[in-house]
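Participant: Predicted coordinates and the sequence they were generated for:
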Amino acid sequence: MNDVMLTGDNYTLVYNALSFGTAVMLGAFVYFLTQINSVAKAYRSGVAVSAVVVGIAGYHYYRIWSGFAEGEMNEGYRYADWLITVPLLVIELLIVLGVAAEVRRGLMRKLVPATVLMIALGYPGEISSDNGTKWLWWVLAMIPFAYILWVLYGQLQEASKRESGAVAAAIKSATVVLLVTWCVYPIAYLFPVFDASSEGLEVLRQVGYTIADITAKALYGLMILGIAKARSASES
């Protein structure tokens, strides 16, 4: 837990970004709950997982936001959130892609531990003030990061080839969101390396993380819902 060093407009911008992130996550949580029964039974668990993801994120964002208002920034809440929600993001995607149950279980046994390892390896560097330490843990965390993206991208590509029409379009949109959003995290992670005392870089890091979380959880959840609805319509 660190004292907030931002002042003036920089403080206000991060405060408002965290407030916005909290509102979006909690609003998405309610919305996804209302949409569970709008898809075929086979895909309802995927939409339910989307609701769980943004619900957990909304709680942690509220804790970060309220702590920030009192002058403290606790990155532990962000990592606790990622430790829970990132494996769930993988699970919800595999559910709605229509991957065979046996294949899905095999992928989960590989990808879920990889997501946990990725988050665990990133945390020591996040809280360290030593640039060498930050680089070391960044490199180590990027190994499972690259593996996860490579596997998920492959599954999305295979699914888009199997499908056509609205289902294929929804899967392609999810692919773009996945690749673009996930690449924000390792970039924002390194901002303190360039200048740990820069308020501007800290603002970019916090706002970047928040925008990426909103996209990776709420918007991604909408992509998942879109795939589930498209698959439901094509199978009815």
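Facilitator: On my side now, so go ahead.

Participant: contacts, neighbours, all on C-alpha from now
Facilitator: OK.

Participant: what residues does stretch 135-151 touch?
Facilitator: Contact partners of stretch 135-151, identified using Cα atoms under 8 Å, 6 or more residues apart in numbering, comprise 111, 114-115, 117-125, 179, 186, 189-190.

Participant: List the buried residues for the lengthiest helix in the chain?
Facilitator: Determined from DSSP state H, the single longest helix within the chain is helix 131-162. Neighbour counts over helix 131-162 (16 or more other Cα atoms under 10 Å) mark 134-135, 137-138, 141-142, 144-145, 147-149, 152-153, 155-156, 159-160 as buried.

Participant: returning to that earlier point: mind listing which of the contacts of stretch 135-151 are in helices?
Facilitator: Among those, the members falling in helices are 111, 114-115, 117-125, 179, 186, 189 (criterion: DSSP H).

Participant: Narrow those residues to those that are buried.
Facilitator: 111, 114-115, 117-123, 125, 186, 189.

Participant: so can I have TSV of those showing distance to residue 11 and pLDDT?
Facilitator: What follows is these, written out as TSV (distance: Cα to Cα, whole Å; pLDDT from 0 to 100):
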residue	distance to residue 11	pLDDT
111	37	92
114	35	95
115	31	94
117	32	96
118	30	95
119	27	95
120	28	95
121	29	95
122	25	93
123	24	93
125	24	91
186	23	93
189	19	91
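
Participant: quick check, nearest of the residues you listed to residue 16?
Facilitator: The nearest member of these to residue 16, counting by Cα to Cα, is residue 189 at 20.4 Å.

Participant: hmm, back to that, closest to residue 233 out of the ones in helices among the contacts of stretch 135-151?
Facilitator: residue 179 (26.5 Å).

Participant: pLDDT at that closest one, what is it?
Facilitator: In this prediction, residue 179 carries a pLDDT score of 82.

Participant: dump the residue contacts of it.
Facilitator: residue 149.

Participant: Just give me the neighbour total for residue 95.
Facilitator: Per other Cα atoms under 10 Å, the neighbour tally for residue 95 reads 21.

Participant: what's it in contact with, if anything?
Facilitator: Counted by Cα under 8 Å, 6+ apart, residue 95 has contacts 43, 45-46, 104.

Participant: Helices along the chain, start to end?
Facilitator: 8-35, 41-69, 75-96, 101-127, 131-162, 165-189, 191-194, 199-213, 220-235.

Participant: what about this structure, any weak spots by pLDDT?
Facilitator: For the chain, the stretches flagged by pLDDT under 70 are 1-4, 163-164.

Participant: Distance of residue 116 relative to residue 177?
Facilitator: 21 Å (Cα to Cα, to the nearest Å).
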